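Chemist: Build me a model:
(2 chains)
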Amino acid sequence: EAGVAQSPRYKIIEKRQSVAFWCNPISGHATLYWYQQILGQGPKLLIQFQNNGVVDDSQLPKDRFSAERLKGVDSTLKIQPAKLEDSAVYLCASSPQGVKGPLHFGNGTRLTVT
Amino acid sequence: SQQGEEDPQALSIQEGENATMNCSYKTSINNLQWYRQNSGRGLVHLILIRSNEREKHSGRLRVTLDTSKKSSSLLITASRAADTASYFCATDAGGNTPLVFGKGTRLSVIA
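Modeler: Below is the predicted model of the structure:
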């Protein structure tokens, strides 16, 4: 089966600019997650979707971050405006409905904010 | 927070040796999972152990879980250079709570 696809792999932007990341989960996986991984730390959940509905976005900085999964398949995460502390790897993961393990991760997008 | 904390933060061993990593957590869990992350890549699921299980094996991996001590260990036997990676534990407290990852152990296996 094809894995979780993410793009772009790398992105460098200046602070206050905007950026968007795209994720296509494994076919048939109803649950999609966006994680932020700061260098040297473990992934931190930003938002979890079940189909096209939000299950958990309690740790999403909603003043600057937004995410959508309009058709319940692929998803976009946006940051506007970006801050220096947003420099991190943004990981997308998916799992079948009702299953919290194992999660299948994409290779992530490494964001550098200068 | 139920976040798992791995110990040690970093571990360097010779090829062929065994590597042991530990994970401690704070609240009751449904299951605990271990993941591996190679440099520049996403996380890969290794093994899931449920709260009513004490030990699980998968190839060269052995995971134990002690719910009374709220701790788990991951043992990699006969390590190889390809095992060089970061290893994370993740805890699932059940219900709608998210899977929470620890900060990881960086393992270096020297050939």
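Chemist: Please list the residues of chain A that sit near chain B.
Modeler: Counting by Cβ under 8 Å from any Cβ of the partner chain, chain A comes close to chain B at A:4, A:33, A:35, A:40-45, A:48, A:55-56, A:91, A:93, A:100-108, A:110. In this view, the C-beta of every residue, glycine as well, is placed from N, C-alpha and C.
Chemist: so who does the residue nearest to A:W34 when sequence neighbours are not counted touch?
Modeler: Setting aside the residues directly before and after it, A:W34 is nearest to A:L46 in space (Cβ to Cβ, 6 or more residues apart in numbering or on different chains), at 4.5 Å. Residues near A:L46 by Cβ atoms under 8 Å, 6 or more residues apart in numbering or on different chains: A:W34, A:Y35, A:Q36, A:D57, A:Q59, A:L60, A:F65, A:A67, A:L77, A:Y90.
Chemist: Remind me which helix or strand A:L46 belongs to.
Modeler: If you go by DSSP states H and E, A:L46 is part of strand A:44-50.
Chemist: So which of the residues of chain A next to chain B are in strands?
Modeler: A:Y33, A:Y35, A:K44, A:L45, A:Q48, A:V55, A:D56, A:L91, A:A93, A:H104, A:F105, A:R110 (DSSP state E).
Chemist: closest to chain B among the residues you listed?
Modeler: A:F105 (3.4 Å; Cβ to the nearest Cβ).
Chemist: so that closest one touches B:L43, yeah?
Modeler: Yes. Judged on Cβ atoms under 8 Å, A:F105 makes contact with B:L43 at a distance of 4.5 Å.
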